[in-house]
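Peer 1: Next comes the sequence, and after it the predicted model I'd like to discuss.
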Amino acid sequence: MNVEYYLDIRPEIADALRENRPVVALESTILSHGMPYPENIEFAHKAEKILREEGVIPATTAIIGGKLKVGLSPEELDLMCNPVDIGKVSRRDVAVYLAAGKTGATTVATTMMIAAMAGIRVFATGGIGGVHRGGENTMDISADLQELASTPVAVVCAGAKMILDLGLTLEYLETMGVPVLGFRTDEFPAFYCRRSGFKLDYRAESEEEIARIMKVKWDLGLKGGLVIGNPIPEEYELDYDRMNAVITDALKKADEQGIRGKYITPFVLAELREMTDGVSFASNLELAYNNIRVAGRIAAAYNELMKNVS
């Protein structure tokens, strides 16, 4: 028995991969744990529509019925948006969920893992996980970072989630040899904000430039992926100082209520939505759509590059 036994790739995606047409992976945790019901249903379908408009095939991942799903039917997509009985599955949880036949939403780490198994090179998300504030003492570090160090997938994001320690997150990625590229920016984006104060070493001006970097990295046999920091569009950007203060308050509340680990992010996001009267949620939607659109164009550029050298 091998990986293929557990991998369920929708025929449309399998055909696209075989024919060297662009495919972009999407996670399902953003649906099950990152957005409220029923707004997440609209987001899920719009995310896939955006990719199709770019001529790219969407591959939303999940764990359903003991299978690693690469691409979901409309009914399965709606299932992942149901807030009841959908677990949050990172790499450590995968074997348990498959063996038990449970249903789970894939995090950034698990989506990268499944995408790599299927042969998908580009993945779009809102923001990656990272080192939590105080992580130098608690060792609360997202599995996303270790996955980026070992799994060959390029991740398009609006930086790391703003609730994290962005400086330590960048230090960890540097230590693990993960390239962090700013897409038309010199600074690491701070999710809701275009700037964080943390300068990046590499700026890419085009999707084609990013595709070339991807190809060279993997041609050399260098393991791991890449982070492409894609800033939120200016019209949806929020004030950095204001959001930092709100996040500090939300994290304090989480600490007082004993919320830890993988439960912190969904708790804080819900608090931010309430504390900003929904403004943070609207920005979250727009930055995610923007990342998906850019990821589609990078995937198309990478596929075109691979066609020309094959």
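Peer 2: On my side now, so go ahead. Numbering: from 1, shown residues only.
Peer 1: which residues pair with the residue nearest to residue 118 when sequence neighbours are not counted across the strands?
Peer 2: Nearest non-adjacent residue to residue 118, counting by Cβ to Cβ, 6 or more residues apart in numbering: residue 70, 4.6 Å away. C-betas here are computed from N, CA, C, even on glycine. Under DSSP bridges, the beta-bridge partners of residue 70 are residue 9, residue 61.
Peer 1: for residue 139, phi and psi?
Peer 2: For residue 139, the backbone dihedrals are phi 60, psi 30 (criterion: degrees, to the nearest 10).
Peer 1: what's the spacing between it and residue 261?
Peer 2: Applying Cβ to Cβ, to the nearest Å, the value for residue 139 to residue 261 is 11 Å.
Peer 1: Could you do residue 91 as well?
Peer 2: 14 Å.
Peer 1: List the contacts of the residue nearest the centre of the chain.
Peer 2: By Cα atoms, centre = their mean, the chain has its centre lying nearest to residue 125, at 2.8 Å. Contact analysis of residue 125 by Cβ atoms under 8 Å, 6 or more residues apart in numbering lists 26, 27, 30, 108, 111, 155, 156, 157, 288, 291.
Peer 1: Just the closest of the residues you listed to residue 269, please.
Peer 2: The shortest approach to residue 269 among those belongs to residue 30, at 10.0 Å (Cβ to Cβ).
Peer 1: Same question for the longest helix seen in the chain: list its buried residues.
Peer 2: In the chain, assigned by DSSP state H, the helix with the most residues is helix 279-309. Residues 279-281, 283-303 are the ones in helix 279-309 that count as buried (16 or more other Cβ atoms under 10 Å).
Peer 1: got it, and stretch 128-135?
Peer 2: Neighbour counts over stretch 128-135 (16+ other Cβ under 10 Å) mark 128, 129, 130, 131, 132, 133, 135 as buried.
Peer 1: what sits opposite the first one in the beta ladder?
Peer 2: Same thing as residue 128. Beta bridges link residue 128 to residue 160, judged by DSSP bridges.
Peer 1: Would you confirm that it contacts residue 142?
Peer 2: Yes: counting by Cβ atoms under 8 Å, residue 142 is a contact partner of residue 128 at 7.3 Å.
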